[in-house]
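1. after the sequence you'll find the predicted model.
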Amino acid sequence: MPLDASLAGRSYPASAPYEIGREKLRELAEALGDTTPAYVDPDAARALGYPEVVAPPTFPFLVAWRGLAPLLADPELGIGLERVVHGDQRFALARPLQAGDRVTGAATVESVRVVGGNALISVRVDLRAEDGEELGSAWSSLLVRAPEAAA
């Protein structure tokens, strides 16, 4: 299947659950230089009304990336990761992700625009807790360069 507008609407199965751990949240906050107490201190998170430490706002990309994997590996599409440039990323969450959450991501292609053989693909990854709770969505724009432009 070529990368064209007919790809819009194609959905992929949800990723395996990703368990969010306190240590992963601490590592990301540290890497970002973000000292927000609710990311590392359970008491600070509880003071804000959360039962557990919460994830920095960009943490959901870890789950979203797992949700994008089936699209990127789809043999019908032949997308080579070496030809992909990640454009923008945005999130809309019902609540912050928290330590202990087990989250899946399922990708749906929202649109495809082809210009000069290159494809700009807009993808939404719906994030859900393992128990079915809708946590929100992550949107990515992916520029897939034409195969001959990859050399």
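-> Perfect, thanks for sending it. Residues are numbered from 1 along each chain as shown.
2. can we go C-alpha only for contacts and neighbour counts from here?
-> OK.
3. helix, strand or coil for the closest residue to Thr36 other than its chain neighbours?
-> Distance criterion C-alpha to C-alpha, 6 or more residues apart in numbering; nearest residue to Thr36, sequence neighbours excluded, is Ala29 at 7.9 Å. Going by DSSP: H, G, I helix; E, B strand; the rest coil, the secondary structure assigned to Ala29 is helix.
4. how about Glu76?
-> Applying three-state DSSP: Glu76 is coil.
5. give me the number of residues near it?
-> The number of residues packed near Glu76 is 10, by other C-alpha atoms under 10 Å.
6. ditto for Gly49
-> Neighbours of Gly49 using other C-alpha under 10 Å come to 9.
7. quick check on it: phi, psi?
-> Dihedral pair for Gly49: phi 100, psi 10, per degrees, to the nearest 10.
8. please apply the same query to the one 4 residues further on.
-> Note on Val53: backbone dihedrals following degrees, to the nearest 10 are phi -60, psi 150.
9. can you tell me how far the residue nearest to the spatial centre of the chain is from Glu27?
-> Of all residues in the chain, the one closest to the mean position by C-alpha atoms, centre = their mean is Ala64, 1.7 Å from it. Using C-alpha to C-alpha, to the nearest Å, Ala64 is found at 18 Å from Glu27.
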